[in-house]
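Enquirer: Okay, here's the prediction I keep looking at, along with the sequence it came from:
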Amino acid sequence: MYHYDSFMAELEQKNPAQPEFIQAAKEVVESIIDVVNENPAYLNAKILERITEPDRVITFKVEWEDDNGDVQVNRGYRIQFNNAIGPYKGGLRFHPSVTLGTLKFLGFEQTFKNSLTTLPMGGAKGGSDFNTKGKSDNEIMRFCRSFMTELYRYIGPSTDVPAGDIGVGAREIGYLYGQYKRMMIENTGVLTGKGQNWGGSLIRPEATGFGAMYFAHEMVEAQQDTMKGKTISVSGFGNVAWGAVMKASELGAKVVTISGPDGYIHDPEGIDTQEKWDYMLELRASNNDVVEPYAKRFGAKFVKGRKPWEVPVDMAFPCAIQNELDLQDAELLISNGVSYVVETSNMGCTTEAVQKFQAQKILFAPGKAANAGGVAVSGLEMSQNSMKLRWSKEEVDGRLHEIMQNIHASCITEGTMPDGYVDYVRGANIAGFKKVADTMLQLGY
Ligand code: GLU
């Protein structure tokens, strides 16, 4: 029998100074502990110890030269967390906040998320404390080249397939892939999120945001409600927010906020024109990491240094970074009448915020379910690369939609409580866990 408190105390002792990893592990262990305790096969196999320990942690030094000719040193990582159900799969994050603990939490979450997609992908994550903000294109290229010169020996199209995450978009994937190809003389699907001319999948850039909206659509329909006319707040202004904003519009809802490290934009008319969507891409590509210019360009309001959760909305979609929505934000959203919270960033809400939403019976979707569309289309990119062909937009989008519907259905199956409330956190954790755990048992050790 596992006891939650003693298991977590041991895990914490074993992984000191990794608060985000412990936060992610607590949430999963809390959801699955009864399932594990009721199954002697899981108990005998020490499944909790095995599933919370990464298969492999790789760290390496990344040396590169900046535009002044000065040498710079960063740290690179790849956490190969679990490959029971398929090759390691997960993004690379370049952000100054990146530590071993951050990437361990992300790799751990990725394992369950990838399991939920129904595609055969294991979980991994990697990245660096490299800050892309203010860097020139050449500096980014030199950094990516050095990073891949170390990483290439640990990855491969059937071993480990990295992709993008915060700070790693099409440009970075291009430079990374270029260096891999130079060293290996190989055009394989070793990375996903590739450009459209060299093996990338249609809809991959939009996939995370589209997927989150498809998931939200399922949540709303399960309540005999509709997306039409809903007001939505979104945080962030990158790829994920961009996809979410576009799909919301198509579904008849209205997104009224985006945000950056500098503050948030409130556009009560709605971020619902091609011009506004294209401008989001421009803002991101500028590498300045600010949203304020949007306000001047479209006559919207800019609120400096604050988060968008103070704007009254029906639905909230955190799309930026972990722990971006805390208890105070949750209380504000609730008092302003929010009905649905769709965590689109990985662990975007603090534990206290999630508990508050659930206590108030607000429907809350965790990131590992709601944002799985990104990695799902990465999986579809791998399929297309293996078959050496390319699917149409409709084909990829249709499959993405179906995958998100399936994930939602799994959450309903495992997460519906006796009073009818759907605990999506519990649902996603149990459904994601069972498949990985059963496979681990079947494969032995
Ligand atoms: N970084 C994304 C995520 O958090 C995508 C990973 C991928 O496409 O491999 O799921």
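Expert: Perfect, thanks for sending it.
Enquirer: okay, CA-based contacts and neighbour counts for the rest of this
Expert: Fine.
Enquirer: Got the phi and psi for the spatially closest residue to residue 217 that is not a sequence neighbour?
Expert: Excluding the flanking residues, the one nearest residue 217 by Cα to Cα, 6 or more residues apart in numbering is residue 227, at 6.4 Å. Residue 227 adopts backbone torsions of phi -70, psi -20, taken as degrees, to the nearest 10.
Enquirer: give me every residue that touches residue 227.
Expert: Residue 227 is in contact with 217, 220, 251-253, counting by Cα atoms under 8 Å, 6 or more residues apart in numbering.
Enquirer: Can I get those in CSV including neighbour count, distance to residue 123 and pLDDT?
Expert: Listed next are the contacts of residue 227 as CSV, based on neighbours: other Cα atoms under 10 Å; distance: Cα to Cα, whole Å; pLDDT from 0 to 100:
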residue, neighbour count, distance to residue 123, pLDDT
217, 20, 27, 98
220, 16, 29, 98
251, 16, 31, 98
252, 15, 34, 98
253, 22, 33, 98
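Enquirer: could I get the residues you listed as a markdown table with secondary structure and distance to the ligand?
Expert: Supplementary listing: the contacts of residue 227 in a markdown table, determined by DSSP: H, G, I helix; E, B strand; the rest coil; distance: Cα to the nearest ligand atom, whole Å:
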| residue | secondary structure | distance to the ligand |
| --- | --- | --- |
| 217 | helix | 20 |
| 220 | helix | 23 |
| 251 | coil | 23 |
| 252 | coil | 26 |
| 253 | coil | 24 |
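Enquirer: and the two most separated of these?
Expert: For those, the farthest-apart pair by Cα to Cα is 220 and 252; their separation is 12.9 Å.
Enquirer: Compute the distance between residue 169 and residue 131, please.
Expert: Taking Cα to Cα, to the nearest Å as the measure, residue 169 falls 13 Å from residue 131.
Enquirer: same check, this time on residue 315
Expert: From residue 315 over to residue 131 (counting by Cα to Cα), the distance is 31 Å.
Enquirer: what does residue 444 give?
Expert: 41 Å.
Enquirer: neighbour count winner among the two?
Expert: More crowded of residue 444 and residue 131, by other Cα atoms under 10 Å: residue 131, with 16 against 7.
Enquirer: Specify the local secondary structure of the residue lying farthest from the centre of the chain.
Expert: Centroid-distance maximum for the chain: residue 69 at 35.2 Å, with Cα atoms, centre = their mean. Under DSSP: H, G, I helix; E, B strand; the rest coil, residue 69 falls in the coil class.
Enquirer: now the strands: where do they sit in the stretch 101-250 of the chain?
Expert: For the stretch 101-250 of the chain, the strands defined by DSSP state E, counting those that start in this stretch cover 123-128, 160-163, 231-234.
Enquirer: any chance of the ones you listed in JSON lines, plus mean pLDDT and distance to the ligand?
Expert: Formatted as JSON lines, the strands of the stretch 101-250 of the chain follow (pLDDT from 0 to 100; distance: least, Cα to the nearest ligand atom, whole Å):
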{"stretch": "strand 123-128", "mean pLDDT": "98", "distance to the ligand": "8"}
{"stretch": "strand 160-163", "mean pLDDT": "98", "distance to the ligand": "5"}
{"stretch": "strand 231-234", "mean pLDDT": "98", "distance to the ligand": "17"}
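Enquirer: Residue in the stretch 251-400 of the chain with the shortest distance to the ligand?
Expert: residue 375 (3.6 Å; Cα to the nearest ligand atom).
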